[in-house]
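Q: Sequence and predicted structure, then a few things I'm wondering about:
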Amino acid sequence: MRRNNLLMLLSLMIIFFSGCSANMDPQEDTPSQGSGRFGTTTRSAEAEDELPTVAAQSRVVDIINLPEFDEFGRFLFPTERGMPDSSMQLSAIGSLLPYHNHIDTDTTLGVIHSMLRMVRDGDTIFYEIYSDEEKAADPTKENTGLFFFRGEADAPFAVISAGGGFSYVGSIHESFPHALELSRRGYNAFALQYRTGGADVACEDLARAISFIFTHATELGVSTDGYSLWGGSAGARMAAYLGSYGPAAFGGDDLPRPGTVVMQYTGHTDYTQNDPPTYACVGESDGIASWRTMEQRIDNLSALGIDTAFQKYPDLGHGFGLGIGTSAEGWIDDAVTFWEKHMEE
């Protein structure tokens, strides 16, 4: 009996150590599971070379403080009114964006992962638009910059300005996803981080951003022909103002006005006979920007002989971004087609 017990123990030890050896086999490709500050992760033996894992349950503050985002992490989410609660997860960022709706977590994750990959690939994705001297003279200019989502070399560029009632900049929902989508189509796209507080300083920042891109077009690898300005809500006002009056009117260089303006859900009514071709879209249930107000402005432009396009979507309110999962999903396809129509003009 004792001999049988010893044999059984020896057999179990052989099985145990054989299993350990199999797990340590360098050819074994089975990933191991682990949990970290970004939630449940799947890691291989080359974990040190992988991107940080970002999941719906990742904490917002951890994303902001990633070393890859050291220069601009505070601009990824609205932090104008202070840092988010330390326990807030990516799936709950809607509370940071009170003027926005239909925030899609998968889209958010895709944006963050793409930005991480660009940084790891050695791309510069954030540019200062004001000099150190200018920021020292006006510290509010510290809260500005351009995020670059690179497309094909020498392709036209777009600048997208997110909304937020001029009290915050909702880039994570209303400009980063747009810029990423445009870059995937081959266009060079910039998302603007501008000063809050009013349309005047915000338009100054957009004018400076356009001037920066023109000045550094060769370095950035972009074409300045037929560029477009995009925006949602407050950002749409900015795009419209620069389209109507040009960068020089807001302190920028004496440059051509954009070839196309793309506007989402805004009550902006100002226009000129020199406005560029304009695409506009809005939800029929928007309680902030009436679709009738937008349609009237578009009709006014059309009456001047300016090419326009207008779309309104049923059962949809304000701040829908790309409109994933809504009646507006796919609107960006129409907007890109409209821009392409006017690129050569």
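A: Noted; the coordinates are in hand.
Q: Show me what the top strand by length along the chain is packed up against.
A: Using DSSP state E to define each element, the chain has its longest strand at strand 222-232. Counting contacts by 3 or more Cβ pairs under 8 Å, 6 or more residues apart in numbering; DSSP states H and E, strand 222-232 packs against strand 155-161, helix 199-215, helix 234-245, strand 260-264, helix 331-342. C-beta coordinates here come from the backbone N, C-alpha and C atoms, glycine included.
Q: Alpha carbons only: can I get the second one in PDB?
A: By that I understand helix 199-215. Presented in PDB, the C-alpha positions along helix 199-215 are these (Å, rounded to 0.1, in the frame of the first residue of the first chain):
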ATOM      1  CA  ALA A 199     -16.300  82.700 -30.100                       C
ATOM      2  CA  ASP A 200     -13.800  85.500 -30.300                       C
ATOM      3  CA  VAL A 201     -10.800  83.700 -28.800                       C
ATOM      4  CA  ALA A 202     -11.900  80.400 -30.200                       C
ATOM      5  CA  CYS A 203     -11.900  81.900 -33.800                       C
ATOM      6  CA  GLU A 204      -8.500  83.500 -33.100                       C
ATOM      7  CA  ASP A 205      -7.200  80.000 -32.300                       C
ATOM      8  CA  LEU A 206      -8.700  78.500 -35.400                       C
ATOM      9  CA  ALA A 207      -7.200  81.300 -37.500                       C
ATOM     10  CA  ARG A 208      -3.800  80.600 -35.900                       C
ATOM     11  CA  ALA A 209      -4.100  76.900 -36.500                       C
ATOM     12  CA  ILE A 210      -4.800  77.400 -40.200                       C
ATOM     13  CA  SER A 211      -1.900  79.800 -40.500                       C
ATOM     14  CA  PHE A 212       0.300  77.200 -38.700                       C
ATOM     15  CA  ILE A 213      -0.600  74.500 -41.200                       C
ATOM     16  CA  PHE A 214       0.000  76.700 -44.200                       C
ATOM     17  CA  THR A 215       3.400  77.800 -42.800                       C
END
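Q: Please point out which parts of whichever helix or strand comes after that helix sit buried.
A: Next in sequence after helix 199-215, counting helices and strands by DSSP states H and E, comes helix 217-220. Neighbour-count burial for helix 217-220 flags 217, 220 (criterion: 16 or more other Cβ atoms under 10 Å).
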